[in-house]
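from the sequence below, what's the structure:
(2 chains)
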Amino acid sequence: MALRRKTARDDWAARYRSGKRAKETATTISGLPVEPLYTPDDLADWSYEEKLGYPGEFPYTRGVYPSMYRGQLWTIRQFAGYGSAEETNRRYKFLLAQGQAGLSVAFDMPTLMGYDSDDHLSEGEVGHCGVAIDSLEDMEMLFRDIRLDQITTSMTINSPAAILYAMYIAVGEREGLKPAQLGGTLQNDILKEYIAQKEYIFPPEPSMRLVVDTIVFAARQMPRWNAVSISGYHIREAGSTATQELAFTLADGMAYVEASIKAGLKVDEFAPRLSFFFDSHMDFFEEIAKFRAARRLWATIMRDKYGARDPKSWMMRFHTQTAGVSLTRQQVENNITRTAYEAMAAVLGGTNSLHTNSMDEVLALPTERAAQIALRTQQVLAHETGVANTIDPLAGSYFIEQLTDEMERGAQRYFDRIDEQGGVLRCIENGFFQREIADAAFEFERKLEANERIIVGVNAYKDGEGGELPTLRIGPETERDQVRRLTALKGRRDNTSVKNRLEALKTAARGSDNLMPPLLDCVKAYATEGEIMAALKEVFGVYREPILF
Amino acid sequence: MTARVLTAKVGLDGHDRGVKVVSRALRDAGVEVIYAGLRQTPEMVVEAAIQEDVDAIGVSLHSGAHMTLIPRILELLKERNATDIVVFGGGIIPQDDARELKAMGVVEIFGPGTSLQSIIDFVNHGFKGPVPGAA
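This next block holds a predicted model:
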């Protein structure tokens, strides 16, 4: 039987090669070679029980829940924020009224970098790529008339994450809610900032301490809170391959696990609340394989390397965003199509929540119209295409299973190289990640330049450039108003109390106690984010990266 | 004569993929490139450009602060009598803003999807537009 099948395959291969138009080689968008055909031969020694199992059970290749989208659709979670807290509050209420189940806060650059709106470095940046938050007052405005126990909120914030986390807890308290009633996620993944997105402030060691403090605080007091969302998204957007995204993200995850254990937590106390965040790029099957491999790898690492016993510690839950870098300025409407394919890959890969980009994000922040099309793209996917009916429907495909195994092997090779260099922090300091990513980004551009890779409208099918799209503009009045509000707040609050609490924070930062309680004290006294960051910089210092390109 | 170009990320965002790819492509094409790195203020950029005696400054912004920071670079160059240094840019810059910046004196704004060759040609041909593929 096996022999006969082999002969048939050889016959096909001969016919394939004699075909005039057959391409010699093909690769994924990441450069992985792919064959024209996969057969049972590609899955020799492959075991269903070992590699896949059932949904909701180890190794979770098929999904983390037994019923997956039959039980509950993925959470549609559109990332939004611009201008003032008041404007963003209006957009949130609009999104919730449109059927969105959770909020995802985009902060402006000064907030992400720990500067107040009145800092000279903030000039021209206030409210531009997200909402401006300076103090608890802004945070109260951001969530006005939204019941925080009825929704979950994801906050994309990293270096100052612990401060915004404290503000969110304080807003909840004002609503009469206990921390334990709040559900949500902080991105709070500082490692990928050094690796890819570059929104670092403090050096790696004190940054890791802040992350661990939030993990410990959430583990003890906030069972519905994910203190860190370990992110491959930015690594991929910075130009990495799919394998690098997978490997570097999981390597970061292991670094957080090890740091939390070192801080005295037991692995099963915090691991169930670790969540992940991936990119969904244009190479359909490669992405699906990446998502499946990610779950299987993490489950194995948590059980076998860290000895986790609680199955929830083995389960990798993740959010996905479609690839911002895949959007093109040329023929901008094509971005709707790209985003739809990427969204489908994420869902076939079993994502737990999803953000679909708006077609105009390559030009500016999305208009309301563009944001609505992006949201509808997910609703069409969920309700019209049938993808939610069957769990992990591509399982057993010779191609998908082979590619899933290959992604796993590729990640393992990177884990070994990282270990050989002494771990994640050492690889940040020696520039290993940054160099790997810059090389991959350059290789991608080279292929594009040589027309070895086609992007519709960019280096092929260039006719038909549409008219200009209207874009959302943030006027200078946003910055003026924000600075005026901030000045008024500083005149109104109890400045002695602010000063004392900032001093107490510095004292705590010099020691080793958890910094969440003093941070809560600071934000409740309406100390601003910039003031708190300045206090911490005095103790921790700032980081300078090695420049390479 | 080899062109000398200072590239820099101006503003607070850290999206350095584009500026690094362009810097490497220019270097590979024989251009002398000095990459100043992230979070450069207009003052730092102009100071470095004069110190390094460059022919051009290439700035990259993704944060939306381009209408504040790029005009300030032009102003500072004027104050320092260094308007022979040309300024070009790239990043997430809406078309209307690109037109306005060019009217102020920015030589070219390269939008997303610009081919590397067109930026190399632009530099090698004396920083003259228009270049196919530019915004």
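
could you use CA atoms for every contact and neighbour count after this?
Noted.

could you list the buried residues of stretch A:197-205?
Neighbour-count burial for stretch A:197-205, counted by 16 or more other CA atoms under 10 Å in any protein chain shown, picks out A:197-204.

and these as TSV, adding distance to B:Val10?
Below are the buried residues of stretch A:197-205 laid out as TSV (distance: CA to CA, whole Å):
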residue	distance to B:Val10
A:Gln197	15
A:Lys198	13
A:Glu199	14
A:Tyr200	16
A:Ile201	16
A:Phe202	20
A:Pro203	22
A:Pro204	23
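
any idea which helix is longest in the chain?
Picking chain A for this. helix A:398-420 (DSSP state H).

look at chain B instead
helix B:66-79.

break down chain A into its strands, ranges please.
A:26-27, A:33-34, A:75-76, A:79-80, A:102-106, A:152-156, A:183-186, A:225-226, A:229-231, A:275-280, A:317-322, A:353-355 (DSSP state E).

so what are the sheet partners of the first one and their directions?
Here strand A:26-27 is paired, per DSSP bridges, with strand A:33-34 (antiparallel).

now the strand it pairs with: mean pLDDT?
Mean pLDDT, computed over strand A:33-34, is 94.

now do stretch B:19-27
Per-residue scores along stretch B:19-27 average to 95.

repeat for stretch A:162-175
Stretch A:162-175 comes out at a mean pLDDT of 97.

sitting in helices, which of the buried residues of stretch A:197-205 do you find?
Per DSSP H, the subset of the buried residues of stretch A:197-205 in helices is A:Pro204.

tell me, which of the buried residues of stretch A:197-205 make contact with chain B?
Here is what survives when the buried residues of stretch A:197-205 are matched to chain B using CA under 8 Å from any CA of the partner chain: A:197-199.

using a markdown table, please lay out those together with pLDDT.
Listed next are those as a markdown table, based on pLDDT from 0 to 100:
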| residue | pLDDT |
| --- | --- |
| A:Gln197 | 94 |
| A:Lys198 | 94 |
| A:Glu199 | 95 |
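
between the residues you listed, which sits nearest A:Glu477?
A:Glu199 (26.1 Å; CA to CA).

you'd agree the closest one is up against A:Thr156?
No: applying CA atoms under 8 Å, one finds A:Glu199 not in contact with A:Thr156, separated by 11.5 Å.

could I get the strands of chain A as JSON lines with mean neighbour count and distance to A:Glu342?
Shown next, in JSON lines, are the strands of chain A (neighbours: other CA atoms under 10 Å in any protein chain shown; distance: least, CA to CA, whole Å):
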{"stretch": "strand A:26-27", "mean neighbour count": "12", "distance to A:Glu342": "18"}
{"stretch": "strand A:33-34", "mean neighbour count": "12", "distance to A:Glu342": "19"}
{"stretch": "strand A:75-76", "mean neighbour count": "19", "distance to A:Glu342": "14"}
{"stretch": "strand A:79-80", "mean neighbour count": "22", "distance to A:Glu342": "16"}
{"stretch": "strand A:102-106", "mean neighbour count": "22", "distance to A:Glu342": "20"}
{"stretch": "strand A:152-156", "mean neighbour count": "20", "distance to A:Glu342": "21"}
{"stretch": "strand A:183-186", "mean neighbour count": "22", "distance to A:Glu342": "23"}
{"stretch": "strand A:225-226", "mean neighbour count": "25", "distance to A:Glu342": "25"}
{"stretch": "strand A:229-231", "mean neighbour count": "28", "distance to A:Glu342": "17"}
{"stretch": "strand A:275-280", "mean neighbour count": "27", "distance to A:Glu342": "5"}
{"stretch": "strand A:317-322", "mean neighbour count": "24", "distance to A:Glu342": "6"}
{"stretch": "strand A:353-355", "mean neighbour count": "23", "distance to A:Glu342": "10"}
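
how about the residue nearest to A:Pro66 when sequence neighbours are not counted, what does it touch?
Spatial nearest neighbour of A:Pro66, chain neighbours left out: A:Gly56 (4.2 Å); criterion: CA to CA, 6 or more residues apart in numbering or on different chains. Neighbour list for A:Gly56: A:62-67 [criterion: CA atoms under 8 Å, 6 or more residues apart in numbering or on different chains].

distance between the helix or strand following the longest helix of chain B and the chain's centre?
The first helix or strand that comes after helix B:66-79 along the chain, using DSSP states H and E, is strand B:86-91. The chain centre lies 3 Å from the centre of strand B:86-91; the measure is CA atoms, centre = their mean, to the nearest Å.

between strand B:86-91 and helix B:66-79, how big is the angle?
For strand B:86-91 against helix B:66-79, the angle by axes from the mean of the first three to the mean of the last three CA atoms, to 10 degrees is 170 degrees.

helix B:66-79 and the following helix or strand past strand B:86-91, what's the angle between them?
As assigned by DSSP H and E, the chain's next helix or strand after strand B:86-91 is helix B:95-104. Orientation check (the same axes, to 10 degrees): helix B:95-104 against helix B:66-79 gives 10 degrees.

which strands and helices sit next to helix B:95-104?
helix B:66-79, strand B:108-110 (3 or more CA pairs under 8 Å, 6 or more residues apart in numbering or on different chains; DSSP states H and E).

can you pull up the bridge partners for the residue nearest the centre of chain B?
Most central in chain B under CA atoms, centre = their mean is B:Gly58, positioned 1.7 Å from the mean C-alpha point. When assigned by DSSP bridges, B:Gly58 has beta-bridge partners B:Thr7, B:Phe88.

list the residues that contact it.
So B:Gly58 contacts B:5-8, B:87-90 (CA under 8 Å, 6+ apart).

in JSON lines, list the residues you listed along with distance to A:Thr528 and pLDDT.
Listed next are the contacts of B:Gly58 as JSON lines, based on distance: CA to CA, whole Å; pLDDT from 0 to 100:
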{"residue": "B:Val5", "distance to A:Thr528": "39", "pLDDT": "97"}
{"residue": "B:Leu6", "distance to A:Thr528": "36", "pLDDT": "97"}
{"residue": "B:Thr7", "distance to A:Thr528": "34", "pLDDT": "97"}
{"residue": "B:Ala8", "distance to A:Thr528": "30", "pLDDT": "97"}
{"residue": "B:Val87", "distance to A:Thr528": "36", "pLDDT": "97"}
{"residue": "B:Phe88", "distance to A:Thr528": "36", "pLDDT": "97"}
{"residue": "B:Gly89", "distance to A:Thr528": "34", "pLDDT": "96"}
{"residue": "B:Gly90", "distance to A:Thr528": "33", "pLDDT": "95"}
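
ok, A:Ala259 touching A:Val212?
Yes: A:Ala259 is within contact range of A:Val212, at 6.9 Å (criterion: CA under 8 Å).

contact residues of the stretch 201-350 of chain A facing chain B?
Checking the stretch 201-350 of chain A against chain B by CA under 8 Å from any CA, the hits are A:238-239, A:328-330.

what residues does chain A put near chain B?
By the rule CA under 8 Å from any CA, the part of chain A lying against chain B is A:109-110, A:113, A:121-125, A:128-129, A:197-199, A:238-239, A:328-330, A:362-364, A:438, A:441-442, A:445, A:449, A:458, A:471, A:547, A:549.

who's in contact with stretch A:536-549?
Contacts of stretch A:536-549 (CA under 8 Å, 6+ apart): A:194, A:200-204, A:206, A:429, A:431, A:435, A:438, A:505-506, A:509-510, B:20-21, B:23-24, B:37.

sorry, back to before: ChimeraX command for the buried members of the contacts of A:Gly56?
Selection of buried members from the contacts of A:Gly56 for ChimeraX, criterion 16+ other CA under 10 Å:
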select /A:62,63,64,65
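
any chance of TSV for the strands of chain A, columns distance to A:Asn389?
Output for the strands of chain A, formatted as TSV (distance: least, CA to CA, whole Å):
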stretch	distance to A:Asn389
strand A:26-27	31
strand A:33-34	29
strand A:75-76	16
strand A:79-80	26
strand A:102-106	23
strand A:152-156	25
strand A:183-186	27
strand A:225-226	28
strand A:229-231	28
strand A:275-280	21
strand A:317-322	20
strand A:353-355	17
